[in-house]
Each structure stands twice: as C-alpha cells, then as structure tokens.
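K.L.:
here is the input, now give the coordinates:
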Amino acid sequence: MSSSLFTVRIAIEKDASAVSTLEQQCVYESESFRGYSQLFEEVPFIGADFDSVLGDSRRQVLVIESSGVVCGYADMQMSDSVAMIRRVYVSETARELGAGALLIDELRTRAKTHGCARIDAYALPGDRLTKNLFERAGMKARLLIASSDL
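P.N.:
Numbers count the residues shown, from 1 in each chain. Down below sits the predicted model:
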C-alpha cells in the first residue's frame, strides 16, 4: 500500500536495525505512561527475535517508509478470528501526515484476508496520540484493564 508520501510493506531482514531503533524511541516516549513496563513485559518488542517473527505466518510486521527511509512499523498477531495490533509506532517526523493511518489500514486489510473478524490494539493510559490514531481509524475502546500488584 502506498500514498504520495509513504509506502507500507512487509518487513524484511534488512529492516531489523531500523525497527530496533524505532523500538528504542517507542520505549523512550512510553516511559511516562502508566503501565508501560507491564505492557512491554507482556508484549515484548521484536528485538533479537526479528528473524523468527518474520517467519511466523500468524504474525505480520509491516514497515512504512518515505523516500526509502523506514519511519514507522507495526506488529500484529493473528488468531483464527482476532487480529491484535501488538505495537504501532511512527517517528515524530512522520506523524500527522497519515503514516499511522496508512499502517492501520494495511493491518486491517491483512487481518481480513487472514479471516479475522475483529482487530484489537493496545494503548497505554494517557497515550493520547495512540488512542487518537486508533479512534481516527474507527477503533473504539472496548475494554479497560485495571490492575494492582499483590
């Protein structure tokens, strides 16, 4: 999928370094949000597992690039009926230009092709940018998980 500014495609081995850099930026930006460490623990980043993730037919890792430079990525896990967006991240320079929406549109298309009936996504409390992206894509909050350590 592409627009005049961006191209979305399946990630390949040579994207590992760019995705790793984006993951680090995602961690840095997320540290101020409640629950970030639990989310990253329960839904790990691709990191060193890049090659094995690319070989998993139920997992889709997409990158979005502009002028040949990777400026965002998305990681989605699919079951028989539900596609879960594990992570979507777009660099600051590509935000507000439609990059995130293009990634979500492509994930949605791939989930439908896989036979999924629903697409879900994670967003941290207070992360308005991510929540707004999902809402613009027609995804509304349907569940809030409250938690306490024992």
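
K.L.:
now name the helix or strand holding the residue nearest the centre of the chain.
P.N.:
Within the chain, one residue has its C-alpha closest to the average C-alpha position: by Cα atoms, centre = their mean, that is residue 88, at 2.0 Å. Counting by DSSP states H and E, the secondary-structure element that holds residue 88 is strand 82-90.

K.L.:
helices and strands around that strand, which ones?
P.N.:
helix 16-30, strand 69-78, helix 99-114, strand 118-121 (3 or more Cβ pairs under 8 Å, 6 or more residues apart in numbering; DSSP states H and E). C-beta: built from backbone N, CA, C; applies to glycine.

K.L.:
output those in a markdown table, with mean neighbour count and mean pLDDT appended to each entry.
P.N.:
Shown next, in a markdown table, are those (neighbours: other Cβ atoms under 10 Å; pLDDT from 0 to 100):
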| stretch | mean neighbour count | mean pLDDT |
| --- | --- | --- |
| helix 16-30 | 16 | 93 |
| strand 69-78 | 22 | 95 |
| helix 99-114 | 19 | 94 |
| strand 118-121 | 18 | 93 |
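
K.L.:
nearest to residue 93, of the ones you listed?
P.N.:
strand 69-78 (6.5 Å; Cβ to Cβ).

K.L.:
CA atoms only for the lowest-mean-pLDDT helix or strand in the chain - export them in CSV, please.
P.N.:
Every helix and strand of the chain was ranked by mean pLDDT, DSSP states H and E. The lowest is helix 50-54, at a mean of 78. Listed in CSV are the C-alpha atoms of helix 50-54, where the atom choice follows Å, rounded to 0.1, in the frame of the first residue of the first chain:
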residue,chain,number,x,y,z
PHE,A,50,13.3,-10.4,14.3
ASP,A,51,14.1,-13.4,12.0
SER,A,52,11.8,-15.8,13.8
VAL,A,53,9.0,-13.2,13.8
LEU,A,54,9.3,-12.7,10.1
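
K.L.:
so which bits of that helix are buried?
P.N.:
Neighbour-count burial for helix 50-54 flags 50, 53-54 (criterion: 16 or more other Cβ atoms under 10 Å).

K.L.:
partner strands of the helix or strand following that helix and their direction?
P.N.:
Counting by DSSP H and E, the element after helix 50-54 in chain order, helix or strand, is strand 59-66. Using DSSP bridges, the strands paired with strand 59-66 are strand 7-10 (antiparallel), strand 69-78 (antiparallel).
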